[in-house]
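> Need the 3D shape of this:
(one chain, ligands or ions: 2)
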Amino acid sequence: RWNVNKSMNLQKKETDLQEAAAWIKQGKVVAFPTETVYGLGGNALDSQAVKEIFRAKGRPNDNPLIVHIAKREQLDALVTDIPEVAEKLMKAYWPGPLTLIFKASDQVPTDVTAGLDTVAVRMPSHPIARELLLESGVPVAAPSANLSGRPSPTTADHVWSDLEGRIAGIVDGGPTGVGVESTVLDISGPHPVIFRPGGLTQEQIAEIAEDVELDQALVTEGQAPKSPGMKYTHYAPKGSLTLVTNYLQIQELAAHAQAQGSRVGILTTENRKHEYVADFVFACGVDEDLTTTAALLYNGLRQFDDHQIDVIYSEVFPENGVGAAVMNRLRKAAGGRIIE
Ligand code: TXA
Ligand code: MG
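Residues are numbered from 1 along each chain as shown. Ligands and ions are numbered 1, 2, ... in the order given. As a prediction, this is how the structure comes out:
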């Protein structure tokens with residue numbers, strides 16, 4: 001069975017896939033794994049279920065949700081127009097970590113779109129997510145299954161520590177693969193525009209749509225982001241995170257903060273973890289492969305909390321490929337604190 005993970009003691013949270021699908025049909029909300037992060041799903045066409053998602057997460061209601069589907073045919077009822085470029089992108093990258101923004105049909109409740117005239121849709125590739133979507137037979141609205149403001153969950157334990165007592169259950173599929181959320185791409189305008197960098201890289205999108213652009217707010221300081229969710233200080237650990245461009249400065253900064261009485265953490269990779277001394281050093285993958293860093297990033301941010309770290313210094317990462325998403329999340333988690 002998908003949900004049984006015997007290596008973890010998760011009896012209470014393990015939810016049978018059939019039961020989870022039945023709950024979704026009944027208007028309840030359940031957490032489930034996708035290839036990016038765990039989602040908190042409810043029937044997208046049931047506005048009570050959608051309200052329940054916002055309540056469980058403590059999410060501001062001006063932040064719209066992504067609608068998840070299992071079959072291409074489910075898209076037609078949700079949108080009014082499917083541009084040529086969207087057809088090509090779906091053919092190349094669905095199912096997978098790509099969310100597309102379409103003009104919304106009037107079947108989509110305003111709770112899902114937060115009153116915008118567009119709707120975000122994605123087809124996840126994770127076998128459990130696909131199975132759940134097929135079984136429930138409805139489009140499923142699902143944000144990441146964290147409390148609003150916390151790092152997105154990449155394990156069932158992360159979900160449980162944020163949402164225990166607030167949701168019906170979790171389908172436990174073990175750790176997710178990609179580790180950062182899907183790429184949000186607007187295809188409703190003249191050029192495809194990346195609203196949120198994510199698991200599918202800009203380079204991959206450019207293979208299909210070479211005129212793809214980044215939302216200016218991701219490049220220029222002080223611009224209002226087009227994707228409502230990008231304006232919140234997301235992904236943040238409890239400790240104060242600072243990015244350090246030159247890693248050779250990190251050990252001295254850490255020693256200084258420790259001398260002032262702080263518990264200090266350092267975020268690096270396997271390649272340099274032995275060069276540092278701190279209260280907690282997290283090796284976030286290996287330099288040779290940025291996908292390993294993306295896969296572990298949120299787990300690492302949560303572990304600094306588990307170790308009651310007050311001050312975190314992080315190395316910076318190359319911004320090619322999925323590194324763009326990693327650095328986007330780290331910058332937001334750092335809230336502008338960067339030592340060049
Ligand atoms: O990988 C993912 O995308 C995960 C998994 C569960 O599928 N979901 C996820 O959802 O990250 P959430 O709600 O945490 O992030 C959705 C993002 C937010 O930044 C939101 O503002 C944006 O997508 N979004 C949703 N609908 C939009 C729309 N109509 N226009 C612009 N941005 C939209
Ligand atoms: Mg989220």
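> Can you give me the distance of residue 188 to residue 85?
Distance from residue 188 to residue 85, counting by Cβ to Cβ, to the nearest Å: 10 Å. Where C-beta positions appear, they are placed from N, C-alpha and C, glycine not excepted.
> my bad, residue 137
Noted for residue 137: a distance of 29 Å to residue 85, by Cβ to Cβ.
> Then residue 57?
Residue 57 is 32 Å from residue 85, where distance means Cβ to Cβ.
> Also residue 51?
Going from residue 51 to residue 85 by Cβ to Cβ gives 33 Å.
> between the two, who's got more neighbours?
Taking other Cβ atoms under 10 Å, residue 51 and residue 85 do not tie; residue 85 has more neighbours (18 against 15).
> what's the model's confidence in stretch 122-133, averaged?
Averaging pLDDT along stretch 122-133 yields 97.
> Can you verify my assumption that residue 263 contacts residue 312?
No: counting by Cβ atoms under 8 Å, residue 312 is not a contact partner of residue 263; they are 9.8 Å apart.
> quick one: which of the two has more around it?
When residue 263 is set against residue 312 and neighbours are counted by other Cβ under 10 Å, the residue ahead is residue 312, at 30 against 17.
> need the helices for the stretch 201-340 of the chain, in chain order.
All helices of the stretch 201-340 of the chain, identified by DSSP state H, counting those that start in this stretch, fall at 202-208, 216-219, 250-259, 290-306, 323-334.
> Quick check: which of those is nearest to ligand 1?
Among the helices of the stretch 201-340 of the chain, the nearest to ligand 1 by Cβ to the nearest ligand atom is helix 323-334 (10.3 Å).
> residues touching residue 43, list them.
Contact analysis of residue 43 by Cβ atoms under 8 Å, 6 or more residues apart in numbering lists 24, 25, 27, 49, 50, 136, 138, 139, 140, 141.
> Quick check on these: which are buried?
With burial judged by 16 or more other Cβ atoms under 10 Å, the buried subset of the contacts of residue 43 is 24, 49, 50, 136, 138, 139, 140, 141.
> Whether stretch 32-45 contacts ligand 1 - can you check?
Yes: Stretch 32-45 is in contact with ligand 1 by Cβ under 6 Å from any ligand atom, via 34, 36, 37, 39.
> now stretch 322-333
No: counting by Cβ under 6 Å from any ligand atom, ligand 1 has no neighbours in stretch 322-333; the shortest distance is 10.3 Å.
> Other residues contacting that stretch?
Identification of contacts with stretch 322-333 by Cβ under 8 Å, 6+ apart yields 151, 178, 180-181, 183, 196-199, 201-202, 218, 230, 233-237, 241, 243, 290-291, 293-294, 297-298, 301, 314, 316-317, 319, 338.
> Mind giving me the PyMOL select for the residues of stretch 32-45 next to ligand 1, buried ones only?
Listed next is the PyMOL selection for buried residues among the residues of stretch 32-45 next to ligand 1, using 16+ other Cβ under 10 Å:
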select buried, resi 34+36+37+39
